[in-house]
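Enquirer: Here is my input, please return the structure:
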Amino acid sequence: MDTNVLKSKFRGSLLGSLLGDCLGSPFEGEPITAGEKIVIQRYFDKLESPDLKGPVRSYTDDTAMMKSIAQSLIAKPEIDYKHMAKLFVKDYFLEPHRGYGPNVVDVFSKLRKSKFDDIYRPAREQFNGKGSFGNGGAMRIAPIALYFYNDYNLMVEAAKKSTEITHTNSLGVHGAVLQCIAIHKALLTDPKEEIKFDQFCPEITKKIKLVEQEDDDGLELDDDHPYEDKVKFVQHFLQTNYHEELDEEVCQNLGTSILAYDSVPTAIYCFLRALKNDIETVKTDNIFRRTIQYAITLGGDTDTIACMAGAIAGAYLGEEAINVNMAKQCESYKEIIELADQLHALVVK
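Expert: Residues are numbered from 1 along each chain as shown. Below is the predicted model:
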């Protein structure tokens, strides 16, 4: 792939993550009615206007931690997870208002108190030793997919280790890996080439199945592959003609919560559904906008699901697909472009 195309895709993925986060956060936890979908449509229409004035949309912990991963990879090319953990903690204590959940705050406090002697122990102690299975690892994972774009095995390993700083339950870790796999697949697909969901879904299903098998309980039973099953649901819904009632089925079966299991497959679905251009409630010809706007209309954890969906869409489409007026409405969008360029310069020769 041409290096300039890849550079655009690096920018697109990190910008997609930022825009999904910033534009989705005002709707987090809100009930999304038919009337609210019209409000969201008008909201996005206005965001594309060059005449729009007002304060920028702030990012949340999703982008704060994504930035920390990118900054750590740039500063420590050999990848230093303790350095990454320190950046997570430092950024939290500098700006605690970003919407961090209480459980991750507890991890950060313990890391700081212990002087990072064991960066994984506080997360392992969460939930009586079961660890968190939230989507906090998946929401920030985009820089890992970019940095290891040409080494899949190292990418999967880095996705696991970077996630385990805060989330050690297999559902949390595997959710981050699945999101990383989806971004990686989109990144390596020529933007002129049409993505076909009947190929995309089986490929990522095969890859996440191997991850789940490697990390099973050692009994070699074929009954504990939850993400494999979820991606099959994604493909099932994509094979169904769109109608508004379908959104309710998607929310019930794929989920829209803060759990990785109930949000990562949904983000992948939003991206692939947007490619079909049959979502009646989202009126735009722009695939990137359609992806994040649709993710938000499903409700629930809107900022994180839109963040993850945007990272995949941006990795496929590149920066050119992202409306510059919309990007300018998001806090730190120029900094995100610079981080993407630095990552690209490090790994693409």
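Enquirer: residue ranges for the helices of the stretch 101-250 of the chain, please.
Expert: Per DSSP state H, counting those that start in this stretch, the stretch 101-250 of the chain carries helices over the ranges 102-113, 121-124, 142-147, 152-163, 170-187, 197-214, 226-238, 244-253.
Enquirer: Point to the residue nearest the middle of this protein.
Expert: For the chain, M308 is the residue whose C-alpha lies nearest the centre (C-alpha atoms, centre = their mean; 2.4 Å).
Enquirer: ok, now which ones touch that one?
Expert: S17, G20, N135, A138, M139, Q179, S263, V264, A267 (C-beta atoms under 8 Å, 6 or more residues apart in numbering). The way it works is simple: take the backbone N, C-alpha and C, and place the C-beta from them, glycine included.
Enquirer: cutoff 10 Å now
Expert: Neighbouring residues of M308 by C-beta atoms under 10 Å, 6 or more residues apart in numbering: 16-17, 20-21, 62, 135, 138-142, 175-176, 178-179, 182-183, 260, 263-264, 266-268, 270-271, 292, 295, 301.
Enquirer: buried ones in stretch 13-30?
Expert: Residues 13-25, 27-28 are the ones in stretch 13-30 that count as buried (16 or more other C-beta atoms under 10 Å).
Enquirer: Let me see the confidence value for D80.
Expert: pLDDT, D80: 97.
Enquirer: surely it meets I74?
Expert: No: if you go by C-beta atoms under 10 Å, D80 and I74 don't touch, sitting 11.5 Å apart.
Enquirer: These two: which has the busier surroundings?
Expert: I74 (16 against 13; other C-beta atoms under 10 Å).
Enquirer: what's the closest non-adjacent residue to the more buried one?
Expert: Among residues not flanking I74 along the chain, Q342 sits closest, at 4.9 Å (C-beta to C-beta, 6 or more residues apart in numbering).
Enquirer: what does N135 give?
Expert: A260 (4.3 Å).
Enquirer: What pLDDT is listed against the one you found?
Expert: In this prediction A260 is given a pLDDT of 97.
Enquirer: C251 too?
Expert: Note on C251: pLDDT of 96.
Enquirer: which residue sits closest to it, ignoring its sequence neighbours?
Expert: Closest to C251 by C-beta to C-beta, 6+ apart is L298, at 5.8 Å.
Enquirer: now do E194
Expert: Once flanking residues are discounted, E194 sits nearest to L275: 7.9 Å by C-beta to C-beta, 6+ apart.
Enquirer: how close does the one you found sit to G101?
Expert: Distance, L275 to G101, using C-beta to C-beta, to the nearest Å: 32 Å.
Enquirer: The two - which one has more neighbours?
Expert: Between L275 and G101, counted using other C-beta under 10 Å, L275 has the larger neighbour count: 19 against 14.
Enquirer: so that one touches I268, yeah?
Expert: No: here L275 does not reach I268: they are 11.4 Å apart, not a contact under C-beta under 10 Å.
Enquirer: Identify the contacts common to these two.
Expert: With C-beta under 10 Å, 6+ apart as the test, L275 and I268 both reach F197, F200, L238.
Enquirer: Out of these, the closest to K7 would be?
Expert: F200 (23.2 Å; C-beta to C-beta).
Enquirer: wait, what's in contact with I279?
Expert: Contact analysis of I279 by C-beta under 10 Å, 6+ apart lists Y242, E244, L246, D247, C270, R273, R290, T291, Q293, Y294, T297.
Enquirer: Just the buried subset of those residues, please.
Expert: Buried members of those, counted by 16+ other C-beta under 10 Å: Y242, D247, C270, R273, R290, T291, Q293, Y294, T297.
Enquirer: Among these, which one sits closest to S49?
Expert: Q293 (15.3 Å).
Enquirer: I'd assumed K37 was in contact with the closest one.
Expert: Yes: checked against C-beta under 10 Å, the pair Q293 and K37 is within contact range at 9.2 Å.
Enquirer: anything in contact with each of the two?
Expert: Joint contacts of Q293 and K37 (C-beta under 10 Å, 6+ apart) are T281, V282.
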